[in-house]
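Participant: Fold the following, please.
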Amino acid sequence: MREAIGGTWIFQIVIIFILLFTGFMCLSVNRSRAYSVKDQIIQTIQAHHGIDINSEYDEDSENAFADIVQYLQDSSYRNTGTHPGPEAFGDEDTTYQCFNRQGKSTSRNPVFCIARVDVSSEGGSAYHELPSMVYYRVMTFYNLDLPIFHDLFNFHIVGDTKVIYGGA
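Facilitator: Below you'll find the predicted structure:
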């Protein structure tokens, strides 16, 4: 009888380690996918010298927004998150504009968020002859998704583009 109880404890410990290993693998795969999506969005924005974040996706257009939505629809990235609140960049608060996989603006379960930060107005620059300088902050999401428990924790990744002179 003692060996049967000992075998049960070992079986439970093995199950716990399998669940922990599976959770770690799911987290690392989701995190690497979120990083690659963030990097692709940043590269697309930089290649098009900015993006109009107040517009929505139009499948007939050939702009940065259309390239981002096409990339998301072709990829297997399906993680969503929560809409972030306003953040302080420099002296002013900047809000994120969030979008779903179809490129529609949403505040509920966004796939990615973009904030436009105006650099030339930060710190009250005395150089008025410079062109407008902006950079974009991109946020993507990943989560711990276990097969039985599903979405346990949500995380986000933030990245910035280079400064774009005369951007959209």
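Participant: Hmm, residue 132 and residue 165 touching each other?
Facilitator: Yes. Counting by Cβ atoms under 8 Å, residue 132 is a contact partner of residue 165 at 7.4 Å. Glycine gets a C-beta too; all of them are placed from N, C-alpha and C.
Participant: So for the lengthiest strand in the chain, mean pLDDT?
Facilitator: Secondary structure of the chain read by DSSP state E shows that its longest strand is strand 133-146. Averaged over strand 133-146, pLDDT sits at 86.
Participant: elements contacting that strand?
Facilitator: Applying 3 or more Cβ pairs under 8 Å, 6 or more residues apart in numbering; DSSP states H and E, we find strand 133-146 packed against helix 2-47, strand 112-118, strand 150-160, strand 164-165.
Participant: Tell me which of the ones you listed sits most buried.
Facilitator: With neighbours taken as mean count of other Cβ atoms under 10 Å, the helices and strands packed on strand 133-146 reach their highest mean count in strand 112-118, at a mean of 21.
Participant: so what does that one touch, helix or strand wise?
Facilitator: Under the contact definition 3+ Cβ pairs under 8 Å, 6+ apart, strand 112-118 sits against helix 2-47, strand 87-89, strand 92-94, strand 97-99, strand 133-146.
Participant: least reliable of these going by mean pLDDT?
Facilitator: Lowest mean pLDDT within the helices and strands packed on strand 112-118: strand 87-89, at a mean of 63.
Participant: ok, the longest strand of the chain: who's next to it in the sheet?
Facilitator: Sheet pairing of strand 133-146 (DSSP bridges) gives strand 112-118 (antiparallel), strand 150-160 (antiparallel), strand 164-165 (antiparallel).
Participant: got these as TSV, with distance to residue 6 and mean pLDDT columns?
Facilitator: Converted to TSV, these look like this (distance: least, Cβ to Cβ, whole Å; pLDDT from 0 to 100):
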stretch	distance to residue 6	mean pLDDT
strand 112-118	50	89
strand 150-160	31	84
strand 164-165	65	86
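Participant: quick revisit: of the helices and strands packed on strand 133-146, which is nearest residue 55?
Facilitator: Nearest to residue 55 among these is strand 112-118; the distance by Cβ to Cβ comes to 11.4 Å.
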